[in-house]
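1. Next input, structure requested:
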Amino acid sequence: MIVSRLELIDFRNYVSGEFDLLDGTTAVIGDNGQGKTNLAEALAYLATLSSFRGAPGDALVRVGADQAIIRATVRHDDGRESLIEAELTVVGRNRVQVNKQKLKRVRDLLGTVRVTVFSPDDLIVVKGSPGDRRRFMDDTLVALATKYDAIRLEIDRIVKQRNSLLKQAQKAGHRAENLPDDIAVTLDVWDAKFVELADQFGYARATLVARITPMVQDAYDQLAGESSPIELRYEPEWRQIGLLKALTAARPMDLRRGVSTVGPHRDELALSINGLPSRTHASQGEQRTLALALRLASHRLVTERTESAPVLVLDDVLSELDDGRATALLEHLPPGQVVITTASELPPAAQADRVLRVKAGEVVTES
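-> Here you go, the predicted model:
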């Protein structure tokens, strides 16, 4: 699929902007603060209905405006076209339409357009908390099949309800040995629901990691120009013994702490290079290369499984890489639509089919 046209109204620093994008590579060039990343953010928003920069919805609306509009024409591989329109408001609920039909739920848009984003912040997948690595796994699962978004949201809801009950019991001074029957029964009910969904999600995560690991290895070797053993390990203890047994064993601790201490919401994806933990032992260059390899592998898997390449967005990534890795990345970009944003001129290895230069939220030149 490709996004052939993107229109922004009162989005970030764009009062009004229209962008015709090509099947190949479009480069967006401009100084910092002029709107390059804002364009990339708008494009990616259509895939996830969230900002890859972690900004709340009202921050995406231009200062002084009440709402922002993102409008895009998406051409699918079978020749169909979809018109997607997202309305973001400062106050009230956001709305999304596809072909002028309002969606009952905004997350029903998921899968209509897929976008893979590379940004300097990707380093957090390697250097950040376990939650950042869980998010990488889960976002990839959602890109593969939108049903995983509903499962993820339901698991979050169950954990919140379970935690609320545990906190209530903790404040009342209850322990596992003197837990009132009504609280024990309610916990059992939530545990049963938790187990059913967690088993599905844990299996999906484990399958994903098994499939993506050789792709990460290939991508890392290409970017680094040499081979280093890469390992991705997803082996939560609760999957070995079963979540119900793990929850039963953890109940005394859960009641003492007032939170759910085991389950998919606490899982870790361990990453290593040359047999050592990448978060603590790898160099900055190795960490950044691994982060890019993870994104490339995710993009490749989604392309193979859905038989349609997501739009690939490289947001100011080239400036974070040395010349060798930047050249390797550009030489090994997967086929499909690519949008590159950069504050400097493109390196020779970048073959842009169109160049847009932006300044203060406007396209000042196009070639």
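2. which residues sit in contact with the residue nearest the centre of the chain?
-> Nearest to the geometric centre of the chain sits D139, at 4.5 Å (Cα atoms, centre = their mean). Contact analysis of D139 by Cβ atoms under 8 Å, 6 or more residues apart in numbering lists T48. The way it works is simple: take the backbone N, C-alpha and C, and place the C-beta from them, glycine included.
3. Retrieve the pLDDT associated with it.
-> For D139, the pLDDT comes out at 94.
4. Any stretches of the stretch 101-250 of the chain with poor pLDDT?
-> Applying pLDDT under 70 to the stretch 101-250 of the chain flags residues 106.
5. What's the first helix or strand after the helix ranked longest in the chain?
-> Of all segments of type helix in the chain, defined using DSSP state H, the longest is helix 181-224. Per DSSP states H and E, the first helix or strand lying C-terminal to helix 181-224 is strand 230-233.
6. So for that following strand, what gets flagged as buried?
-> Across strand 230-233, burial judged by 16 or more other Cβ atoms under 10 Å covers I230, E231, L232.
7. Setting aside sequence neighbours, what's the nearest residue to the second one?
-> Looking back up the chat, that one is E231. Once flanking residues are discounted, E231 sits nearest to S272: 4.5 Å by Cβ to Cβ, 6 or more residues apart in numbering.
8. Please apply the same query to the first one.
-> Spatial nearest neighbour of I230, chain neighbours left out: Q217 (4.8 Å); criterion: Cβ to Cβ, 6+ apart.
9. Tell me, how many residues neighbour that neighbour?
-> 18 (other Cβ atoms under 10 Å).
10. For it, give me its contacts.
-> Q217 neighbours (Cβ under 8 Å, 6+ apart): P229, I230, A293.
11. Contact partners for the second one?
-> Read it as I230. I230 touches T213, V216, Q217, Y220, L271, S272, I273, L290, A293, counting by Cβ under 8 Å, 6+ apart.
12. Who wins on neighbours among the residues you listed?
-> Highest neighbour count within those, by other Cβ under 10 Å: L290, with 29 neighbours.
13. So which elements touch the host helix or strand of that one?
-> L290 is part of helix 284-306, with elements assigned from DSSP H and E. In terms of contacts (3 or more Cβ pairs under 8 Å, 6 or more residues apart in numbering; DSSP states H and E), helix 284-306 is packed against strand 115-118, helix 123-127, helix 130-144, helix 181-224, strand 270-273, helix 278-281, helix 323-331.
14. Need the contact partners of the helix or strand that the last one is followed by.
-> Reading on from helix 323-331 to the C-terminus, the next helix or strand found by DSSP H and E is strand 338-342. By Cβ under 8 Å, 6+ apart, the list of residues contacting strand 338-342 from outside reads 21, 24-30, 36-37, 39-40, 43, 311-316, 318-319, 346, 350, 352.
15. Can you flag the buried ones in those residues?
-> Buried by 16+ other Cβ under 10 Å: 21, 25-30, 36-37, 39-40, 43, 311-316, 318, 346, 350, 352, out of the contacts of strand 338-342.
16. Among those, name the ones in strands.
-> Among those, the ones falling in strands (DSSP state E) are T25, T26, A27, V28, I29, V311, L312, V313, L314, D315.
17. so who does the last one touch?
-> Contacts for D315 were tallied using Cβ under 8 Å, 6+ apart; they are K36, T37, A40, V117, F118, S119, P120, T341.
18. from the residues you listed, which is closest to P236?
-> Taking Cβ to Cβ as the measure, P236 lies nearest V117 of those, at 27.3 Å.
19. Output the contacting helices and strands for the helix or strand hosting A72.
-> Using DSSP H and E, A72 maps to strand 67-75. Applying 3+ Cβ pairs under 8 Å, 6+ apart, we find strand 67-75 packed against strand 2-11, helix 36-48, strand 81-89.
20. Could I get the average pLDDT for that strand?
-> The average pLDDT within strand 67-75 is 96.
21. so what strands line up beside it?
-> With DSSP bridges as the test, strand 67-75 is paired with strand 2-11 (antiparallel), strand 81-89 (antiparallel).
22. Please save the CA atoms from that strand in PDB.
-> Taking C-alpha atoms only, strand 67-75 is exported to PDB below (Å, rounded to 0.1, in the frame of the first residue of the first chain):
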ATOM      1  CA  GLN A  67      -9.100  21.000  15.900                       C
ATOM      2  CA  ALA A  68      -6.700  19.500  13.400                       C
ATOM      3  CA  ILE A  69      -7.400  17.400  10.300                       C
ATOM      4  CA  ILE A  70      -5.300  14.700   8.800                       C
ATOM      5  CA  ARG A  71      -6.600  13.600   5.400                       C
ATOM      6  CA  ALA A  72      -4.900  10.900   3.300                       C
ATOM      7  CA  THR A  73      -5.600   9.000   0.200                       C
ATOM      8  CA  VAL A  74      -4.300   5.400   0.500                       C
ATOM      9  CA  ARG A  75      -3.900   3.200  -2.600                       C
END
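23. before we move on, back to that, winner for burial among the helices and strands packed on strand 67-75?
-> Highest mean neighbour count of these: helix 36-48, a mean of 24 (counted as mean count of other Cβ atoms under 10 Å).
24. got the CA positions of that one in PDB?
-> Extracted in PDB, the C-alpha atoms of helix 36-48 (Å, rounded to 0.1, in the frame of the first residue of the first chain):
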ATOM      1  CA  LYS A  36       9.700  17.600   9.000                       C
ATOM      2  CA  THR A  37       8.900  15.300  11.900                       C
ATOM      3  CA  ASN A  38       5.400  16.800  12.200                       C
ATOM      4  CA  LEU A  39       4.700  15.500   8.700                       C
ATOM      5  CA  ALA A  40       6.100  12.000   9.600                       C
ATOM      6  CA  GLU A  41       4.100  12.100  12.700                       C
ATOM      7  CA  ALA A  42       0.900  12.800  10.800                       C
ATOM      8  CA  LEU A  43       1.600  10.000   8.400                       C
ATOM      9  CA  ALA A  44       2.200   7.500  11.200                       C
ATOM     10  CA  TYR A  45      -0.800   8.700  13.200                       C
ATOM     11  CA  LEU A  46      -3.100   7.200  10.500                       C
ATOM     12  CA  ALA A  47      -1.700   3.700  11.300                       C
ATOM     13  CA  THR A  48      -1.900   3.700  15.100                       C
END
